[in-house]
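Peer 1: return atomic coordinates for the entry below.
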Amino acid sequence: MNLKGRIPKDYIGIIEKITKIATDNNYIIYAVGGFVRDLIINRYPNDLDIMVEKDNGGIEFAQLLVKKLNLSESVIFERFGTAKLLIENQEIEFIMPRKEYYDENSRNPDTEIGSLRQDALRRDFTINALFLRLNDMELIDLSGKGLKDIGNNIIRVTDESASDIIFQQDPLRILRAIRQSVQLDFKVEQKTYESMQKNIKRIKIVSPERVRDEINKMLLLYNSSKAFYMLKKLGLLDIILPELKEDIFNSMIMFLDKIQQELTLKLTILLHQIDCAENILIRLKYSQNIIKKVCWLIEGLNYVKSHTKPWTDYEIRKFEKKYRQIIADLRNLCCMTDKGPDLFEKIDAMSFENQLVPEKDVFDGNELIEIFNKPGGKWISDVKKHIEELQYNNPKITKDEIIREIKLLLKNQNI
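Peer 2: Numbering: from 1, shown residues only. This is a model prediction of the structure:
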């Protein structure tokens, strides 16, 4: 198997450079993990990890590369004996072969130098425990089952005699197994699946951020519904998203694969029927930008779904203006409902005829102060809201007409 010929151009130059430096300086290095698996199955690989066969070899070799290739300093993680470098815009992690020791209340192990075999068996699944020695391009399968499992489309723990322990120690591997099963279209081997099921409650020791990251990866799969069916069947969904009750799940799941693979859209479909969607996003440590956008999309989507009467021109203008910044995303979401297409056809027609509220404000605050010879204050925001109402009723209202209306407002309200 000529794996070198399968290395994409984004990585081949990097690998050739670091392999030459390794050979010239008596280092033995390996590409490891998912990168090797993806080369074997002819899938574009990501996340190149380089293992250096020496105590503290990952950090030491990374520091050598900094000097030889004139790179920015490596980011070092002493606890795990790893270092990260940015080489030709690719983030690469350098590690040593290691064995791990876990505390029952944490999935973050203590580590020390180990043999190649110990490093292979500490990994999650046989398909991710293949090593490609870059010095001579020899493929090494120390679990004895990695290549066979790839050929048979199987996800299996590296050490079947310790399958329960593998998921007890790091229950995030349960989510990884589900995601990789769907992503690669592989089947989880029966004993591995049973061990996953036994340890679902251990997911509580995993940080919200890591759970979130796996949920994101599942959502961005083209067939993400399959991953959520697996989560539900395992009983894991009741732990990580208990708000997603049976009726909500059943009505949500049919749309999950229909929306484009963009995270905020997928999250909107996942959560839009749940009253406490914002609390869920906060609990899973999403960024404020994502929380704000998803909640805004949910509000717009639910407004469209709940609108039962024919849309008036006034309502359409108000809706379009309120959600203008996210209107394209709302179109994608709403057009999956029976009410969405008609609304957005009307928005398009009104836009073509210049019947929507103009993009630019008619007057800014300073102009209002100058026109009406009044000091700044709350009256300005009241006037701007009034202008919006006038435009919702008549988007082609002139400035002179607006000024007359504002004068009446100020007079009637004694502002």
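
Peer 1: return the helix or strand in the chain with minimum mean pLDDT.
Peer 2: strand 110-113 (a mean of 82; mean pLDDT, DSSP states H and E).

Peer 1: now find how far off-centre the helix or strand that it is followed by is within its chain.
Peer 2: Next along the chain after strand 110-113, taking DSSP states H and E as the criterion, comes helix 116-122. Centroid separation for helix 116-122 versus its chain: 30 Å, with CA atoms, centre = their mean, to the nearest Å.

Peer 1: now swap in stretch 47-64 and tell me
Peer 2: 28 Å.

Peer 1: can you check stretch 211-223 too?
Peer 2: Using CA atoms, centre = their mean, the mean C-alpha position of stretch 211-223 is found 6 Å from that of the whole chain.

Peer 1: what's in contact with that stretch?
Peer 2: With CB atoms under 8 Å, 6 or more residues apart in numbering as the test, stretch 211-223 has contacts from 172, 175-176, 178-179, 182-183, 203, 224, 227-228, 231, 240, 256-257, 261, 263, 266-267, 270, 284-286. All C-beta atoms are positioned from the backbone trio N, CA, C, and that covers glycine.

Peer 1: which residue ranges of the stretch 201-350 of the chain form helices?
Peer 2: 208-219, 224-234, 237-240, 246-256, 263-271, 277-283, 288-306, 313-322, 327-334, 340-352 (DSSP state H, counting those that start in this stretch).

Peer 1: got the ones you listed as CSV, with mean pLDDT, mean neighbour count and distance to Asn128 columns?
Peer 2: Below are the helices of the stretch 201-350 of the chain laid out as CSV (pLDDT from 0 to 100; neighbours: other CB atoms under 10 Å; distance: least, CB to CB, whole Å):
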stretch, mean pLDDT, mean neighbour count, distance to Asn128
helix 208-219, 98, 18, 15
helix 224-234, 97, 20, 18
helix 237-240, 96, 17, 23
helix 246-256, 93, 14, 26
helix 263-271, 97, 22, 25
helix 277-283, 98, 17, 29
helix 288-306, 97, 17, 29
helix 313-322, 97, 17, 47
helix 327-334, 95, 19, 35
helix 340-352, 93, 15, 42
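
Peer 1: how about the ones you listed in JSON lines, adding distance to Tyr11?
Peer 2: Below are the helices of the stretch 201-350 of the chain laid out as JSON lines (distance: least, CB to CB, whole Å):
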{"stretch": "helix 208-219", "distance to Tyr11": "21"}
{"stretch": "helix 224-234", "distance to Tyr11": "27"}
{"stretch": "helix 237-240", "distance to Tyr11": "34"}
{"stretch": "helix 246-256", "distance to Tyr11": "32"}
{"stretch": "helix 263-271", "distance to Tyr11": "26"}
{"stretch": "helix 277-283", "distance to Tyr11": "35"}
{"stretch": "helix 288-306", "distance to Tyr11": "30"}
{"stretch": "helix 313-322", "distance to Tyr11": "46"}
{"stretch": "helix 327-334", "distance to Tyr11": "34"}
{"stretch": "helix 340-352", "distance to Tyr11": "43"}
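
Peer 1: now the nearest residue to Val206 once chain neighbours are set aside: how far from Ser181?
Peer 2: Once flanking residues are discounted, Val206 sits nearest to Leu172: 5.0 Å by CB to CB, 6 or more residues apart in numbering. From Leu172 over to Ser181 the distance is 15 Å, taken as CB to CB, to the nearest Å.

Peer 1: also Leu39?
Peer 2: Distance from Leu39 to Ser181, by CB to CB: 20 Å.

Peer 1: which SSE is Lys20 in?
Peer 2: Using DSSP H and E, Lys20 falls in helix 9-24.

Peer 1: ok, and what's touching that helix?
Peer 2: 4, 7, 27-29, 31, 45, 48, 50, 52, 61, 64-65, 68-69, 87-88, 90, 92, 134-135.

Peer 1: average model confidence for it?
Peer 2: The pLDDT scores in helix 9-24 average 97.

Peer 1: now it - C-alpha only, PDB.
Peer 2: Provided in PDB are the C-alpha atoms of helix 9-24 (Å, rounded to 0.1, in the frame of the first residue of the first chain):
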ATOM      1  CA  LYS A   9      -0.300  18.400  -1.200                       C
ATOM      2  CA  ASP A  10      -1.100  20.400   1.900                       C
ATOM      3  CA  TYR A  11       0.900  18.000   3.900                       C
ATOM      4  CA  ILE A  12       3.400  16.200   1.700                       C
ATOM      5  CA  GLY A  13       6.000  19.100   1.700                       C
ATOM      6  CA  ILE A  14       5.800  19.400   5.400                       C
ATOM      7  CA  ILE A  15       6.200  15.700   6.000                       C
ATOM      8  CA  GLU A  16       9.200  15.500   3.600                       C
ATOM      9  CA  LYS A  17      10.900  18.400   5.400                       C
ATOM     10  CA  ILE A  18      10.400  17.200   9.000                       C
ATOM     11  CA  THR A  19      11.300  13.600   8.000                       C
ATOM     12  CA  LYS A  20      14.600  14.700   6.500                       C
ATOM     13  CA  ILE A  21      15.400  16.700   9.700                       C
ATOM     14  CA  ALA A  22      14.400  13.700  11.800                       C
ATOM     15  CA  THR A  23      16.600  11.300   9.800                       C
ATOM     16  CA  ASP A  24      19.600  13.700   9.800                       C
END
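
Peer 1: thank you kindly, that will do.
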